[in-house]
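In: Return atomic coordinates for the entry below.
(chains A and B)
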Number of protein chains: 2
Amino acid sequence: MVGYQRYLDRVPLRSGQRRFGSDNKVEAERARHALSLAESGRRVCVVSSGDPGIFAMASAVLESVDQGPEVWRSLDIRIVPGVSAMQAVAARIGAPLGHDFCVLSLSDRLKPWEVIVKRLHAVASADFALAIYNPISSERKWQLAEAQAILAGYRGPETPVVLARAVGRSDEKIMITDLGRFDPGLADMQTLILVGSSTTRSLALSDHREMIYTPRTYGV
Amino acid sequence: MVGYQRYLDRVPLRSGQRRFGSDNKVEAERARHALSLAESGRRVCVVSSGDPGIFAMASAVLESVDQGPEVWRSLDIRIVPGVSAMQAVAARIGAPLGHDFCVLSLSDRLKPWEVIVKRLHAVASADFALAIYNPISSERKWQLAEAQAILAGYRGPETPVVLARAVGRSDEKIMITDLGRFDPGLADMQTLILVGSSTTRSLALSDHREMIYTPRTYGV
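Out: Purely as a prediction, here's the structure:
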């Protein structure tokens, strides 16, 4: 098993298995290591959290095959889908992704910030709900506030916003707020953020509980 | 258990359980039926395919609570996330959703066609990959060809397109094509369509196999 050490630690180890843990930022190196082990005849599992096909290891592995030795193209690579963070968060608080939505990483480590800005304007002007991955990191502090400002140029301050961390784990933390009150300083690299469209609503339940959902109908 | 009859048929029945099947188009009626059963003290499960939070029953249930009698707000409603069709398809053929993407229903049953057109232009101009749900139905024949024309105004004919149906079932059918050659007549209401961004690539494997993936990097 190859993966980010923190994720590997959550997988029970069976006899005959070996773990190769790594740091979180070396996806390509990790992918090449996994492919080399597979080339040497081992059965290898690359461990991701969430869905490996959504901002996770599947693309890194296929990129490495594309750029790697010819023999890697004969490996039997299978991708097992999963529940991505946006889905786990959405299910916990309602159905904010029940209508059209977009999924955007705010990290400018692998793409220019101008591309992210353009995409934020497109998402906001066409009134999609939005799931934001990688909103902030120790080296990137200001991007989330700028994203908030761009979205606020199109949507009202009452637009629901959800900040969530470690969903499904014992230290799970979910906060429902709105675009006007939302404090970007409360997010970190592991926070998943959902921003509603103009039709996304808060539903008041008994006992002061609240759910957020986007209706299936739009403008009819 | 309440749900579309075809989905209910796939769930094994345990003793003490009852099934209430319905037609595919009566989501709101089905949701209200489930809530009435729950109000009367039963434990009710609303069955969806894929992820109930993505173009499925979670929004319909919460809409019905919002519009229904006060007592429904005291029900203990839990949503269990799942693997949506776009993820099952993506995993089967690679990692086309490995970078920023949008998710759009092409059905104008619940929103005006003008909104869909605006969203297609936004998605295409900002170069998102795209997952299309409900591309066509017996009453809606022309929308998918118009969507194809809009996307082709921004992206080259070689842009990868994937048409998939019944993924994970015995009658699974997946076709990899491209924006230029893609024939909308091959899709039906149960087809999930993935359209690559400008960076989405085809990866030729041995034995004439092919995978589609979107690299993690963009324009750097």
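
In: And stretch A:55-74, what's buried?
Out: A:55-66, A:68, A:72-73 (16 or more other CB atoms under 10 Å in any protein chain shown). Backbone N, C-alpha and C define where each C-beta goes, glycine included.

In: can you check stretch A:40-48 too?
Out: A:V44, A:C45, A:V46, A:V47, A:S48.

In: Using CSV, please lay out those together with secondary structure and pLDDT.
Out: Listed next are the buried residues of stretch A:40-48 as CSV, based on DSSP: H, G, I helix; E, B strand; the rest coil; pLDDT from 0 to 100:
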residue, secondary structure, pLDDT
A:V44, coil, 97
A:C45, coil, 97
A:V46, strand, 97
A:V47, strand, 95
A:S48, coil, 92
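
In: for chain A, what spans make up the helices?
Out: A:5-8, A:27-39, A:57-67, A:85-93, A:113-125, A:143-152 (DSSP state H).

In: Deepest-packed of those, please.
Out: Stretch with highest mean neighbour count among the helices of chain A: helix A:85-93 (a mean of 25; mean count of other CB atoms under 10 Å in any protein chain shown).

In: Not counting its own residues, what contacts that one?
Out: Contact with helix A:85-93 is made by A:49-50, A:54, A:96-97, A:103, A:131, A:133, A:162, A:164, A:167-168, A:174, A:176, A:192, A:194, A:210-212, B:51-54, B:58, B:79-82, B:84, as judged by CB atoms under 8 Å, 6 or more residues apart in numbering or on different chains.

In: leaving aside the residues next to it on the chain, what's closest to A:E158?
Out: Of all residues not flanking A:E158 in the chain, A:D178 sits nearest, at 5.4 Å (CB to CB, 6 or more residues apart in numbering or on different chains).

In: Hmm, A:L179 and A:V195 touching each other?
Out: Yes - between A:V195 and A:L179 there is a contact under CB atoms under 8 Å: 6.8 Å.

In: the more surrounded of the two?
Out: With neighbours defined as other CB atoms under 10 Å in any protein chain shown, A:V195 and A:L179 compare such that A:V195 has more, 28 against 19.

In: which ones are touching that one?
Out: By CB under 8 Å, 6+ apart, A:V195 lies in contact with A:A129, A:L130, A:I132, A:L151, A:R155, A:T159, A:P160, A:V161, A:L179.

In: what's the nearest residue to it if we skip its chain neighbours?
Out: Nearest residue to A:V195 in three dimensions, chain neighbours excluded: A:L130, at 4.4 Å (CB to CB, 6+ apart).

In: Tell me what the residue most central in space within chain A is bridged to.
Out: Centroid-nearest residue in chain A: A:Y133, 4.0 Å away (criterion: CA atoms, centre = their mean). As for beta bridges, A:Y133 partners with A:S105 under DSSP bridges.

In: quick one, what contacts the spatially closest residue to A:I132 that is not a sequence neighbour?
Out: Nearest non-adjacent residue to A:I132, counting by CB to CB, 6+ apart: A:I193, 4.1 Å away. A:I193 is in contact with A:A131, A:I132, A:P135, A:L144, A:V161, A:V162, A:L163, A:A164, A:A187, counting by CB under 8 Å, 6+ apart.

In: Mind pulling up the pLDDT for the second one?
Out: Spelled out, that is A:I132. On pLDDT, A:I132 comes in at 98.

In: what's around it, how many residues?
Out: Residues near A:I132, counting by other CB under 10 Å: 27.

In: so it sits right up against A:S107, yeah?
Out: No - contact between A:I132 and A:S107 fails when scored by CB under 8 Å: they sit 10.2 Å apart.

In: Mutual contacts of the two, please.
Out: Common neighbours of A:I132 and A:S107, using CB under 8 Å, 6+ apart, do not exist here.

In: if we can go back for a sec, quick check: beta-bridge partners of the residue nearest to A:I132?
Out: A:I132, A:L163.

In: and it, what pLDDT?
Out: pLDDT, A:I193: 98.

In: Next, the buried residues of stretch A:185-195.
Out: Neighbour-count burial for stretch A:185-195, counted by 16+ other CB under 10 Å, picks out A:A187, A:T191, A:L192, A:I193, A:L194, A:V195.

In: Ok, stretch A:161-174 next?
Out: Neighbour-count burial for stretch A:161-174 flags A:V161, A:V162, A:L163, A:A164, A:R165, A:V167 (criterion: 16+ other CB under 10 Å).

In: Please compute how far it lies from its chain's middle.
Out: How far stretch A:161-174 lies from its chain's middle: 13 Å, per CA atoms, centre = their mean, to the nearest Å.

In: Kindly report the same for stretch A:56-68.
Out: With CA atoms, centre = their mean, you get 18 Å for stretch A:56-68.

In: contacting residues around A:E39?
Out: Contacts of A:E39 by CB under 8 Å, 6+ apart are A:P69, A:V71, A:W72, A:L75.

In: Is A:G3 bridged to anything, and to what?
Out: The residues that A:G3 bridges to, once DSSP bridges is applied, are A:G21, A:V47.

In: Wait, it touches A:A56, no?
Out: No - the criterion here is CB under 8 Å, and A:G3 misses it with A:A56 at 10.1 Å.

In: Can you work out which residues contact both of the two?
Out: In terms of CB under 8 Å, 6+ apart, A:G3 and A:A56 are both contacted by the residues A:S48.

In: any idea how far A:D9 is from chain B?
Out: Separation of A:D9 from chain B (CB to the nearest CB, to the nearest Å): 23 Å.

In: no no, A:G98
Out: For A:G98 relative to chain B (CB to the nearest CB), the value is 3 Å.

In: what's near enough to touch the closest residue to that residue other than its chain neighbours?
Out: Excluding its sequence neighbours, the residue lying closest to A:G98 (CB to CB, 6+ apart) is B:S59, at 3.0 Å. Contacts for B:S59 (CB under 8 Å, 6+ apart) come out as A:A95, A:G98, A:H99, A:Y213, A:T214, A:P215, A:R216, B:G53.

In: ditto for A:L163
Out: By CB under 8 Å, 6+ apart, the contact list for A:L163 reads A:I174, A:M175, A:T177, A:F182, A:L186, A:A187, A:T191, A:L192, A:I193.

In: what about 10 Å?
Out: Counting by CB atoms under 10 Å, 6 or more residues apart in numbering or on different chains, A:L163 touches A:89, A:132, A:135, A:173-177, A:182-184, A:186-188, A:191-194.
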